[in-house]
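*Asks:* Dropping a prediction and its sequence here:
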Amino acid sequence: MSEDNVTNELLLETLKAMQTTLGEISNDVHDVHDVKADLRGVKGHMAAFVQAEVAQDGAIAAIQTRLERIERRLDLSES
């Protein structure tokens, strides 16, 4: 393409197309940021859920220990 074929109109059209593309990329970047923020929230909830489950497992283990001790005292164990 020679320099004579490049017009201001062609440059303007090209710049407008580039601007549109950059706008779309910018929206995609914002969407990715939102998804990452949502994912961090989900991870936080999962961590809290796991902590609660660990605490519950500890409580159940303590109850089982107490129950076994009570069964031994009452001579109810199946040994």
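*Replies:* Great, that's in hand.

*Asks:* quick one: secondary structure of the residue nearest to residue 71 when sequence neighbours are not counted?
*Replies:* Of all residues not flanking residue 71 in the chain, residue 77 sits nearest, at 4.7 Å (Cβ to Cβ, 6 or more residues apart in numbering). Yep, even glycine has a C-beta here, placed from its N, CA and C like the rest. Put simply, residue 77 is coil when judged by DSSP: H, G, I helix; E, B strand; the rest coil.

*Asks:* pretty sure residue 77 is in contact with residue 68, am I right?
*Replies:* Yes - counting by Cβ atoms under 8 Å, residue 68 is a contact partner of residue 77 at 7.4 Å.

*Asks:* picking that back up, count of neighbours near the residue nearest to residue 71?
*Replies:* Residue 77 has 11 neighbours, counted by other Cβ atoms under 10 Å.

*Asks:* Equivalent analysis for residue 78, please.
*Replies:* Neighbours of residue 78 (other Cβ under 10 Å): 4.

*Asks:* pLDDT at it, what is it?
*Replies:* Looking at residue 78, its pLDDT stands at 70.

*Asks:* Tell me which residues touch it, please.
*Replies:* Residue 78 makes no contacts at all, as judged by Cβ atoms under 8 Å, 6 or more residues apart in numbering.

*Asks:* where's it relative to residue 55, distance?
*Replies:* Per Cβ to Cβ, to the nearest Å, residue 78 is found 30 Å from residue 55.
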